[in-house]
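S.K.: Please work out how this folds:
(4 chains, ligands or ions: 4)
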Amino acid sequence: MDNALVASHAHTHEEEHEHVALPQHCHHFETEQQQREAGTFGMWLFLLTEIMFFGGLFFAYLLYRNWYHDAFVAASNQLSIKLGAINTAVLIGSGYFMALGVWAAEVRKKGLLVLFLVITTVLGFVFLGIKYVEYHEKWEKHHIPGEHFDVSEFVNPQAYGLKETPLAPDMAQKTQVFFSLYFAMTGMHALHMIIGIGLLFWLIWRANRGEFSSGYVAPIENFGLYWHFVDIVWIFLFPLLYLINRHPGS
Amino acid sequence: MSGTTSTIVNLPDQRTATMPKRDYLNNEHGLLSWLFTGDHKRIAILYLISITFFFFLGGIFAGLIRLELLTPQPDLVASDTYNKLFSLHGIIMIFLFLVPSVPATLGNFLIPIMIGAKDLAFPKINLLSWYLFMTGGVLTLTALVTGGVDTGWTFTTPLSTHYLNTNVVTAATGIFIAGFASIFTGLNFIVTIHRMRAPGMTWFRMPLFVWANYAASILMVLGTPVLAISLVLVALERTLGLGVFDPTKGGDPLLFQHLFWFYSHPAVYIMILPGMGVISEVISTFSRKRIFGYTAVAFSSVAIALFGFFVWEHHMFIMGVSNYSALVFSLLTMLVAVPSAIKIFNWAFTLQKGSITFETPMLYAFAFIGLFTIGGMTGVFLGALGMDIHLTETYFIVAHFHYVMVGGMLMAFLGGIHFWWPKMFGRMYPESLSKLSAVTSFIGFNLTFMPQFVLGYLGMPRRYHAYPPEFQVLNVLSTAGATVLGVGFLLPVLYLGWSLKYGAIAGNNPWQATGLEWQIQSPPLTENFTEIPIVTQDAYDYEWLANKTEHEVTTVG
Amino acid sequence: MSEYHDAANVTNPEHAEHHIVTPMTYTIIFATLLTLTAVTVGAAFVDLGIMNPVIALAIASVKGVVVILFFMHVMYQSKLIKMTVGAGFFTFLVLLTMTLSDYISRAWGLW
Amino acid sequence: MHISPVLWQFLVKWLHASALFPSEASTIAPYTDALYFFLLLITLIGVVLVGALVFGFSIRYRAARNPVATQVEGSTLLEATWTIIPLALFLVTFVWGALLYFRIYTPPTNSMNIYIVGKQWMWKAEHPGGQHEINALHVPIGRPVQLTMISQDVFHSFSIPDFRVKREVIPGRYSTVWFEATDAGTYHIFCTQYCGTAHSAMIGDIVAMSPEDYESWTKQSTSGMSLAQNGERLFASMGCNSCHSGNAAARGPNLAGVYGSKLQLANGSQVLVNDAYLRDAILNPSQHVTAGYAPIMPTYQGQVSEDGLIDLVEYIKTLDNNYRVQQTLTTSQSDKVAPTTPGMVKP
Ligand code: HEA
Ligand code: HEA
Ligand code: CUA
Ligand SMILES: [Cu+2]
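M.R.: Ligands and ions are numbered 1, 2, ... in the order given. The predicted structure follows:
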C-alpha cells in the first residue's frame, strides 16, 4: 500500500474509539464530532431552502401590500387579532418546550425529554386547532378565494355591523389577493407544522425507548432547528397578516 | 513514467490482468441490494441508468419535433401534439436529464473519493434523493401518458393557470419533487465537501471538479426552492382559484416569471458548472499538466454561482419589466459572462507546454470548448438589450441554449462518462468507435443548430408548429443534422454497454491521472479507501504521481 | 450553568466546545418573546403612520434573531454555521431587492 | 456526372430562398444589424482565437512531439488580460445594446397611433379612423407608427422581424412599440410568445405602403365610425357623461384636455395621463383618486371589453372641449340624472 497516501495514524473505528462507540455512529464518518457537525450543517442548509421557499411568498406579499394597501388593511382587519396573538404565544411556547427537550436530551433525562416533546406536540395541535377555527370562519364568510369569493362585506361593511370604511368595488376585489396570500402562506406554514408533528410522534416513540438519553442528541437537536424555523416563519406572518393597520380611523 | 509512449493509456498486461475480486459492484447481490444501497457509487449508477432513460425519451421527442419541422406545413402531428412534444422535451431534458446529469452521476460517484472520504455525508438522504427523482420522473411520465402537458418548460402564467386543460398540475408536482432530489444532492455535496475532506486535503488542493460541483450545489440549495414555491402557486391557482398571478384578480403574471427565472437562470449554471469541472479534469489529464491558473478557475466557478443570482431578468427584457431595471440586469449579465471566458482561456493555456494525447474524453473536451464559446458568446448577444428585442423568442435562442446545453454540458457529460468509465466499471470502452461517435456528434450537432442561428435572425419564432415556406431549407438542414446527432448519441450506449462485459480490463489508473480516485482500484471498494489517505500533494501534481509510480505498483484490495 | 456543561464530554468526544444552553436561558428567551409579542400587538393599535409596519417588522426581526441565536444555538455555533445562516438571508435579500428594482422603477414612466 | 435533380432543386432553393439576413425594412433595422455585425465579429474573433490556441497548442505540444510536459503555475498577467479584454468588449456591447433599446422603445412624439388587441389566436388592429383589420396591418412608409397593444387573455408577442421590432402584448396592461417602415412591401407578423394551441397560426401580414396608397386604403376600408365616435357612444350609453359632463358641479372631473396633462392625486403624488392611465382610471378608479374628488366612480371591470376600452380611451384623448359631451347628455338624458346646475361650457 502506498505509504505516502495513507494516514500513519489512520484509525479504524473499532480500535481507536475507546471513548464512545455509539451505535448511531456511521462508519463513513471519521469521528462523531464530525458526524454531529455534518448533521447540524446539513440541517441548516435545508433550512436555507426553506428560507427561499417562504421568501418567494414573502416577496409576493410585499409587492401586493404596496399595490393594494387599502384592500390589505380591510382584509387584514377581518382576521381575529385575538386568535392570532394566542396562536403566536402557543407557537412560541411550543418552541420553548422543544428547546427544553433538546436540553433534556443533552443532560440525558429521558422522562423529561418525553414530557417536553409531548407538550411540544400538544401545543402544535392547539395551534392547528385554532387555525382550523380561523379557516372555518373564512369559509363561512366566503372569504376563500375562488368562485365563491364574496366582497360584499368590504364594499358595504355597515350592513354587516362593521365600523370599517367601505372600499370601492375595484379595491374590494383586491382583497382576494390578500386572502390568496393569506391561505398560501398560512397553509404552507400549517403544512410544515403537520409534517413536524408527524416527525414529533416518531421522535417521541424513539425517545421513549431511550434512544436519545445516552448522549446521542442529533435527531432531537436537528428536529428542534426545524421546529424553531417554523416558529420564525409564524413570527413574521403574524404581524404581516394580522397587524397591518389596526388603529381605528385610517 | 518514461514518457516515450505516444499514448498515456496504461493498460495492465491483458493476459494476466484481472478485475479486483471484491468491489462495490459485486460486494452484494440482488436487486434489493441496489434499491436499498447507501453507497454513493451505486446510487450514482442508479442515477446513470435513470437519466439515460430520460435522455432518450427526451431525444425521441426532439426527433419528432425535427421531423415535424421538416416541412413548413403542419403535417405530421396536430398542433396540440406538437406543443406537448416540445414542452415534454424541454421538461424532461432539463429537469430529468441535464440538471442531475453530471452532479448526480459523476459527482455522486467521484466527489467523496476525490476528497478522500468513504461516502457522502448523508447516504440515506442520497438514496432518498434518487427515490424523489424517480417519483418526479414517474409523475412526469404519468402526465405524459394521461394526455401530456403543453405549457412549454417555462409554465408561463396565465396560460398555464387558466387557459390550458392538460396535466399541468401533475407535471408541476413531478418537477417539484424532482427539485427536492436536486436540493438534497446539492446539500449532501456541500456538507461533504466542508466536513469530510481527508487530512491534508485543503480547499486549494481539491480537484476543480469538486469546486465546480460545490458552486453548482450552492445554486441548487438556494435556487430550487424558489422554483418550488412558484410551481406550488401555479398548482394552487389552477386547483383552488387562488389569485396571486392572475391579472383578472389583480395579480401580476410577471411575478411568476420573476420567481421562475430566479431559479431557472441559476439553473443554467447548475447545468453547466459541473460540466466545466469535468473539462478541467480531462484537459489536465491528457495534457499531463496542472491546470493553468488553478485558483482563477476555482474562483471563477464560485463567481459564476454568485453572479448567477443577479441576472435572471434577462429572460424578461421585452416582457414588460421596467426598462431601468432591464438596464441593470443587462449590465450584470455582461459581468457574469466574464468568468466563463476566464475558464476557457485557462483551459486553452493548460495545453501549452503540455504533452497532449487525444483520447475520446479529450475530443469531447475540445468539442465543449468550441461549442460552449459559440453558445456563450451568443448568450452575450441575448444579454445586449437592443439585440435581444430582435432575437428573443426566436430560433436564435433555441440555438443558443442547445449550444451551451448540448454542445456544452452534454459533451462534457459524455466526455466525463468516457473518462471515468474505466474507474466506474473497471473496463475500457472501445477507443476508435468512441472517437468516431465523438466526431459524429460534433458534426451532427453543428449541422443541427448552426442553421438555427440563421433562422432565428431571419425571424423564425420558436415553439412554432408550422412556419413560412422560405424557412424550409434551413430547417431541412437542421433535421438532417439531428439525425446524424441522434446516431452520435446512440452509439455510446451500445458500445459502452458492450464494454461492460468485453472491454479491456482497465487497471487502477489507465490515464495516469493524479486524482485520488485513480489511486484506488477500479472498480473501487464499497468503502473506497481501506485507510483514509493523508494528502500531501496539490491537485494535478504530475511529479508526485511520477515519483509515486516509480516506487511501487499501486494495488488496493 | 457549568453544572450542565456535559462534564463527561460524551456528546462530543473530541471537542469540548459543545455548549449546552440551560433551561434558565431558554426561559428568559421565552419570556422575552412573549413580551415582544405583546408589544407588537400593542404597537399595532397606536397610529404611527408609516412607522407602524416598520416597527412591527423590527420587532418580528428581533424575535426571529433571538430564536435563531438561542433556541437554535447559532450563538454557540461555528463560524461556518453563522455564515450559512447569513448566506440564506443574503440570497433572500437579493431576491427582494433585485425584483423590487423592477417594480419600483416601473412607475417612473417614460416607457 | 450530374447532380441529382433533387439536390439541384435544393441548392437553387437554398440560394434563392434563404438569404442569411432578413430585409432591412425599417429605420431601426440598420441599427440592429450594425450591433449584430459587431457581435458577430467579436464572436468570430473569440472563436478563432480560442480555436487557434487549442489547435496550435495541440499540434505544437502533442505527446509525440513533446513527450514531457513542463509544469506551469499560471500567470497573473495573462489572467488579467483575459479578464479585462472580454469585460471591456462586453461592456461596449452593453452600452451599444442599451442605446439601441432606447431607440427601439422610445417613440417619436409625432408618431401616429394604432391599437392592437391580441387574443388567442389572432391579432386585431384598430386604426383611429375606425378601420379594423384581423391578422393584418396596413401602415404608411416614412412615418413613425406607434402601436398601443394589449392582450385579452394570455401573453402574446408582436414581432415584425423585417423591422427588427418586437414587444410583448400583456394581459391587463398597455405596452407600446414603434417603427418607421422604409420600404413598401408585405412583411410577416409573428406571435412570438407561446400562447397555446394555435400559437403558430397567430401570424399576419404587415403591409407597408406609400403614403398615397395608405391614404386611399384608409378611405376604402373605413367602417364608418372612428374609434372616437364609438367611444362617444359608449361614453353616453354607459353613463360616463352623467358625471363627466364638464359642468362645474359635475361629480366627476372634467375630462377635456386631460390627456397628456399632469394630474394631482389625492394621495399627493402626480401622474402623467397617458393611455395606460386612462385605461386604469376606468377599471380601477379608486387606486388613483384625483385630488378634490370623492372616490365615487364605479369600476367598469368586466363590463367593457378591451376594444370598448380602446374606444373610450381614444375618445377621451380626442376630447378637447365638452361640447359633444353635453350634446350627448341632452340626447340620452331621459334616464339619467340631470346635472343640477346648468353649467358653463369650458373652453
Ligand atoms: C447550460 C445552460 C446555459 C448557459 C451556460 C447559458 C449561458 C448564458 N446565457 Fe443563456 N439560456 C439558456 C441556457 C444557458 N445559458 C437557456 C435554456 C435559455 C432559454 C430559456 C427559455 O427561454 O426557454 C437561455 C436564454 C438566455 C437569455 C434570454 C434570451 C431571451 O429570452 O430573450 C439570455 C439573455 O441574456 C442568455 C444569456 C446568457 C449569457 C450571457 C450566458 C453566459 O453565461 C455565457 C458566458 C460564456 C461566454 C461568454 C463564452 C466564453 C467566452 C469567451 C471564450 C471569450 C471570447 C473572446 C473574446 C470576446 C475576445 N441566455
Ligand atoms: C438538456 C437539454 C436539451 C437537449 C439535450 C436537447 C436536445 C435536442 N433538442 Fe432541444 N430543447 C431543450 C433542451 C434540450 N434539447 C429545451 C429546454 C427546449 C425548449 C422547450 C420549450 O420551448 O419549452 C428545447 C427545444 C427544442 C426545439 C425547439 C422547439 C420549438 O421551439 O418549437 C428543437 C427544434 O429543433 C429542439 C431540438 C433538439 C434536438 C435535435 C436535440 C438533440 O440534441 C437530441 C439528440 C438525441 C436523440 C435524437 C436521441 C438519441 C438517439 C436515438 C434514440 C436514435 C434515434 C433517433 C433519431 C434518428 C431521431 N429542441
Ligand atoms: Cu399569441 Cu403566440
Ligand atoms: Cu439566463
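
S.K.: For burial, what's the neighbour tally of the residue of the stretch 1-150 of chain B found nearest ligand 3?
M.R.: In the stretch 1-150 of chain B, the residue that lies nearest ligand 3 is B:N83 (10.6 Å; Cβ to the nearest ligand atom). Any C-beta I mention is one placed from the backbone N, CA and C, and that applies to glycine too. As a burial measure, B:N83 scores 26 neighbours (other Cβ atoms under 10 Å in any protein chain shown).

S.K.: What pLDDT does the model give it?
M.R.: For B:N83, the pLDDT comes out at 93.

S.K.: what's the answer for the one 5 residues further on, then?
M.R.: Turning to B:L88, the model gives it a pLDDT of 94.

S.K.: Quick check: it is in a strand.
M.R.: No - according to DSSP: H, G, I helix; E, B strand; the rest coil, B:L88 belongs to no strand; its state is helix.

S.K.: could you measure it against chain C, distance?
M.R.: Between B:L88 and chain C the computed distance is 29 Å (Cβ to the nearest Cβ, to the nearest Å).

S.K.: Spit out the contact partners of the closest residue to chain B within the stretch 151-300 of chain D.
M.R.: At 2.4 Å from chain B, D:P161 is the closest residue in the stretch 151-300 of chain D, using Cβ to the nearest Cβ. Taking Cβ atoms under 8 Å, 6 or more residues apart in numbering or on different chains, we find D:P161 in contact with B:H390, B:T394, B:L458, B:G459, D:P22, D:Y187, D:H188, D:F190.

S.K.: Of all those, the one with the weakest confidence?
M.R.: Lowest pLDDT of the contacts of D:P161: D:P22, 84.

S.K.: Looks like that residue contacts D:F163 (just checking).
M.R.: No - counting by Cβ atoms under 8 Å, D:P22 sits too far from D:F163 to count as a contact (9.1 Å).

S.K.: what about these two, which has more around it?
M.R.: Neighbour totals were compared for D:P22 and D:F163, and D:F163 leads with 32 against 21 (other Cβ under 10 Å).

S.K.: and D:Y115, that one's in a helix?
M.R.: No - judged by three-state DSSP, D:Y115 forms no part of a helix; its state is strand.

S.K.: Without its sequence neighbours, what residue ends up closest to it?
M.R.: Excluding its sequence neighbours, the residue lying closest to D:Y115 (Cβ to Cβ, 6 or more residues apart in numbering or on different chains) is D:E126, at 4.3 Å.

S.K.: okay, now that neighbour: neighbour count?
M.R.: For D:E126, the neighbour count with other Cβ under 10 Å is 22.

S.K.: Same question for the one 3 residues further on.
M.R.: For D:G129, the number of neighbouring residues by other Cβ under 10 Å comes to 16.

S.K.: Surely it touches D:E215?
M.R.: No - D:G129 is not in contact with D:E215 according to Cβ under 8 Å; the separation is 10.7 Å.

S.K.: that older thread, now the residue of the stretch 151-300 of chain D closest to chain B: how far from ligand 3?
M.R.: Note on D:P161: its distance to ligand 3, by Cβ to the nearest ligand atom, to the nearest Å, is 15 Å.

S.K.: Got the confidence number for that residue?
M.R.: 93.

S.K.: Where does the nearest residue to D:L78 once chain neighbours are set aside fall, secondary structure wise?
M.R.: Residue nearest to D:L78 in three dimensions, not counting chain neighbours: B:F349, with 6.7 Å by Cβ to Cβ, 6+ apart. B:F349 belongs to helix B:323-351 when assigned by DSSP states H and E.

S.K.: Give the buried residues for that helix.
M.R.: Within helix B:323-351, the residues that qualify as buried are B:323, B:325-351, counting by 16 or more other Cβ atoms under 10 Å in any protein chain shown.

S.K.: show me what contacts residue 99?
M.R.: No chain was given, so I picked chain A. A:G224, A:H228, C:V21, C:Y26, C:I29, C:F70, C:F71.

S.K.: Can you look at chain C instead?
M.R.: Taking Cβ under 8 Å, 6+ apart, we find C:T99 in contact with A:F59, A:L63, B:H258, B:F262.

S.K.: go again using 10 Å as the cut-off
M.R.: A:56, A:59-60, A:62-63, B:254-255, B:258-259, B:262, B:312-313, B:321, B:325 (Cβ atoms under 10 Å, 6 or more residues apart in numbering or on different chains).

S.K.: pretty sure it is in a helix, no?
M.R.: Yes - according to three-state DSSP, C:T99 belongs to a helix.

S.K.: Which stretches in chain D count as helices?
M.R.: Along chain D, counting by DSSP state H, helices occupy D:5-17, D:29-60, D:76-105, D:211-220, D:227-237, D:240-243, D:275-283, D:306-318, D:323-331.

S.K.: Might you list the low-confidence residue ranges for chain B?
M.R.: Counting by pLDDT under 70, chain B shows low-confidence ranges at B:1-7, B:549-557.

S.K.: so where does the residue of it found nearest ligand 2 fall, helix or strand?
M.R.: The minimum distance from chain B to ligand 2, using Cβ to the nearest ligand atom, falls at B:G59 (2.1 Å). For B:G59, the element it lies in under DSSP H and E is helix B:40-68.

S.K.: Report all helices and strands that that helix contacts.
M.R.: If contacts are counted by 3 or more Cβ pairs under 10 Å, 6 or more residues apart in numbering or on different chains; DSSP states H and E, helix B:40-68 sits against helix B:31-35, helix B:79-91, helix B:99-102, helix B:108-114, helix B:123-145, helix B:168-195, helix B:411-425, helix B:472-502.

S.K.: The biggest helix by length in chain A close to chain B?
M.R.: When chain A is parsed with DSSP H, its longest helix is helix A:32-67. Yes - for a cut-off given as Cβ under 10 Å from any Cβ of the partner chain, helix A:32-67 has contacts with chain B, namely A:33-35, A:37-46, A:48-61, A:63-64, A:67.

S.K.: Quick one: low-confidence residue ranges for the chain.
M.R.: Let's take chain A. For chain A, the ranges with pLDDT under 70 are A:1-27, A:30, A:246-250.

S.K.: Chain C, not that one
M.R.: C:1-18, C:109-111.

S.K.: I'm done for today, thanks for sticking with me.
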